[in-house]
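>>> Provided below for reference: sequence and predicted model.
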Amino acid sequence: MLTKRIIPCLDVDRGRVVKGVKFFDHVDAGDPVQQAARYQEQGADELVFYDITASHEGRGIMVDVVHRVVEQCFMPLTVGGGIRTLDDATQLIQAGAEKVSINSAAVKRPQLIHEISRKFGRCATVLGLDANRVTIDGVEKWHVYVNGGRVDTGIDVMDWVKQAQDLGAGEIVLNVMNADGTTAGYDLEMTAAVSTAVKIPVVASGGAGSPDHMYHVLNEGKADAALAASIFHFGTYTVGQVKDYLHERHVPVRIV
Amino acid sequence: MSIGIIDYGMANLRSVQKAFESVGVAAQIISTPEEIERADRIVLPGVGAFADAVRTLREKELAGPILAQIDKGKPFLGICLGLQMLFDVGYEDGVHEGLGVIKGKCVRFDVDDTLSLKVPHMGWNQLEFKRPSPLFKDLPAGAGVYFVHGYHVVPEDPGVIATTTDYGRPFVSSIWRDNVMATQFHPEKSQRVGLKILSNFAAI
């Protein structure tokens, strides 16, 4: 039986993990290689590196990070953030990334999804999206945001995920902004709606504060995987603790 | 002993090479017929589309040398698309001729809609061993490995099946016939279990 995936996400700025804490004396919280190795030990099913480097010159550093991580981590690695062209995607995949996640660039030019999928297959092509609940004239809408969640595109979330699937996306990472950073739980309703509307896997993101939140998004939220950042970085829970919690509640997970 | 990982521009070779190195096995990335002939063992990884990969192998004149070495009995490991290409025919975006090492076909997952299973089959799933094979020596039943694929192989001769995996129904997750071994999953991405498989291959 296919197990549900638990995916730590690390934000990387100019080659350094940000927001991390020091877990052990000998671990450099800012070193992506050491952090990745630690999550591998804990039994993480995949890792996502999200490049938040603002400057264009800083971009090449991410390729080097991937290069170093794959020397020690034998697990799937997805890289997102700032991928604008097929060439960006190619460099990351050749460095050792399993999948690339495209976000704003896909909204600006949806054909980019098709180009990456054609070259590397649907399996390597992930659509990341920032979704937000907005109220317009008293009616709630679910809109796609871009540029790190700063700009409302007016595009409907459900339309966009179906279009991305048709263009060749093999997976969707749905980050719900209203929930993001709150640690109050994932948006179960929107996650379930998206997961039911497409036939490709959906990774839930935004709002994880406890193993119970992950339990709910993998059940009622119908997500295929749960991504979390702060609860793992700040050492609130280990991946292993989350998996034990899920296993006790009969969610299929890989126990290492 | 040298392991040659075949580079034809369609795979994530570095992950495979680093995984072998981590278990103390030297592995070279190779791209010529001479290097394929010289290697003691050959590994054929692959991502992307079936037709593109087979065409590229032929254009680079690597298909012939690979088949010749397989015929000579050199240990061969195919990974993901490197498994699928071994078959007679692939049904990804049309009907395409494969390398024809194993009789059978490669087809898209035809999952029952009522089970709401997603395609690609993506994530960690378990191996059911159909018979003892050197590739899976010392692995526990139900060992978990990492899959990411939308197509799977259907061999004509069930005797070549080494493992199956359940996704709605069982599908063939690896094959073994004489010196030819190939996995649908990615050993190089399957942490300890995967590294053990690569180490087993190197010891055959």
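Here it is on my side, so go on.
>>> State whether A:Ala89 is indeed within a helix.
Yes: assessed with DSSP: H, G, I helix; E, B strand; the rest coil, A:Ala89 lies in a helix.
>>> separation between it and chain B?
Remark: distance between A:Ala89 and chain B (CB to the nearest CB, to the nearest Å) = 12 Å. Glycine gets a C-beta too; all of them are placed from N, C-alpha and C.
>>> Next, count neighbours for that residue.
Using other CB atoms under 10 Å in any protein chain shown, A:Ala89 has 25 other residues around it.
>>> Where does pLDDT dip in chain B?
Applying pLDDT under 70 to chain B flags residues B:112-115.
>>> Select the longest strand from it.
Criterion DSSP state E: the longest strand present in chain B is strand B:169-177.
>>> close to chain A, is that one?
No: judged by CB under 8 Å from any CB of the partner chain, strand B:169-177 stays clear of chain A, getting no closer than 11.2 Å.
>>> and that strand, what does it pack onto?
Counting contacts by 3 or more CB pairs under 8 Å, 6 or more residues apart in numbering or on different chains; DSSP states H and E, strand B:169-177 is packed against strand B:151-155, strand B:161-167, strand B:180-183.
>>> What angle do strand B:151-155 and the second one make with each other?
It stands for strand B:161-167. Angle of strand B:161-167 versus strand B:151-155, following axes from the mean of the first three to the mean of the last three CA atoms, to 10 degrees, is 140 degrees.
>>> if we can go back for a sec, how about the longest strand of chain B, which residues are buried there?
By 16 or more other CB atoms under 10 Å in any protein chain shown, the buried positions in strand B:169-177 come out as B:171-177.
>>> near chain B at all, stretch A:219-235?
Yes: using CB under 8 Å from any CB, we find that stretch A:219-235 touches chain B at A:222, A:224-225.
>>> returning to that earlier point: any chance of the helices and strands packed on strand B:169-177 in TSV, plus mean neighbour count and distance to chain A?
Formatted as TSV, the helices and strands packed on strand B:169-177 follow (neighbours: other CB atoms under 10 Å in any protein chain shown; distance: least, CB to the nearest CB, whole Å):
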stretch	mean neighbour count	distance to chain A
strand B:151-155	20	10
strand B:161-167	20	6
strand B:180-183	25	14
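>>> And the ones you listed: which comes nearest A:Ala169?
Proximity to A:Ala169, assessed across those by CB to CB, is greatest for strand B:151-155 (17.0 Å).
>>> So which residues of the chain form helices?
Looking at chain A here, since you left the chain open. Secondary structure of chain A, counting by DSSP state H: helices at A:32-42, A:60-69, A:86-95, A:104-108, A:111-120, A:157-167, A:188-197, A:211-218, A:230-233, A:239-248.
>>> That was the other one, I meant chain B.
Going by DSSP H, chain B shows helices at B:13-22, B:33-38, B:50-59, B:63-71, B:81-84, B:191-203.
>>> Do you know the pLDDT at A:Lys141?
Looking at A:Lys141, its pLDDT stands at 97.
>>> Can you give me the neighbour number for the residue nearest to it when sequence neighbours are not counted?
Distances taken as CB to CB, 6 or more residues apart in numbering or on different chains place A:Val134 nearest to A:Lys141, at 5.4 Å, with adjacent residues excluded. Using other CB under 10 Å, the number of residues around A:Val134 comes to 15.
>>> show me what contacts A:Val134?
By CB atoms under 8 Å, 6 or more residues apart in numbering or on different chains, the contact set of A:Val134 is A:140-143, A:152.
>>> Quick check: of those residues, which lies closest to chain B?
The nearest member of those to chain B, counting by CB to the nearest CB, is A:Trp142 at 20.9 Å.
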